[in-house]
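Asker: After the sequence you'll find the predicted model.
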Amino acid sequence: MLERWEPGTEEPPHSHPGDDMTVVIEGKMSFQFYRKEGASLVADGERLFLSEGDVGYVRANRIHDAKYIERCKLVYVHDKAFGFNLAR
C-alpha cells in the first residue's frame, strides 16, 4: 500500500492485526510504541525516527502511533488484511 502524509499530521495510538513493515520513500516520520498498564497507555521505549531509505517494523497487535515530521511517501507491507485498531 502506498500512502502520502502531510507535515504535522499524525495517527493516534493503534495496532494492526498483522505484522507491518514501513519503507520511507520520501520524508521523515517518527513512531512511539506503547504498552497498556491498567486503563492507561504508557510509552514503551524511546520515540523512533525514520527518514528516506529507512525501514520500520511493527509486529502484530503492538500498539504504536505515527507522526509525520516532513511530507512523507511511504510503502506499507502487511502480512494479513490491513486493519486499524484504535488503542483505548
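Answerer: Happy to help now that I have it.
Asker: in which helix or strand would I find the residue nearest in space to the middle of the chain?
Answerer: Centroid-nearest residue in the chain, with Cα atoms, centre = their mean: Ala66, separated by 4.4 Å. Following DSSP states H and E, one finds Ala66 within strand 63-68.
Asker: Would you give the sheet partners of the following helix or strand past that strand, along with the direction of each?
Answerer: The element immediately downstream of strand 63-68 (helix or strand, assigned by DSSP H and E) is strand 72-78. Note on strand 72-78: by DSSP bridges, its sheet partners are strand 2-5 (antiparallel), strand 20-26 (antiparallel).
Asker: got the buried residues for the first one?
Answerer: The neighbour-count criterion (16 or more other Cβ atoms under 10 Å) identifies Trp5 as the buried residues of strand 2-5. (C-beta placed from N, C-alpha, C; glycine too.)
Asker: cool, and the last one?
Answerer: For strand 20-26, burial by neighbour count (16+ other Cβ under 10 Å) applies to 20, 22-24.
Asker: after that strand, next one along is what?
Answerer: Going down the chain from strand 20-26, the next helix or strand is strand 28-31, by DSSP H and E.
Asker: The next helix or strand after that next one packs against which elements?
Answerer: Going down the chain from strand 28-31, the next helix or strand is strand 33-37, by DSSP H and E. When contacts are defined as 3 or more Cβ pairs under 8 Å, 6 or more residues apart in numbering; DSSP states H and E, strand 33-37 sits against strand 40-43, strand 63-68.
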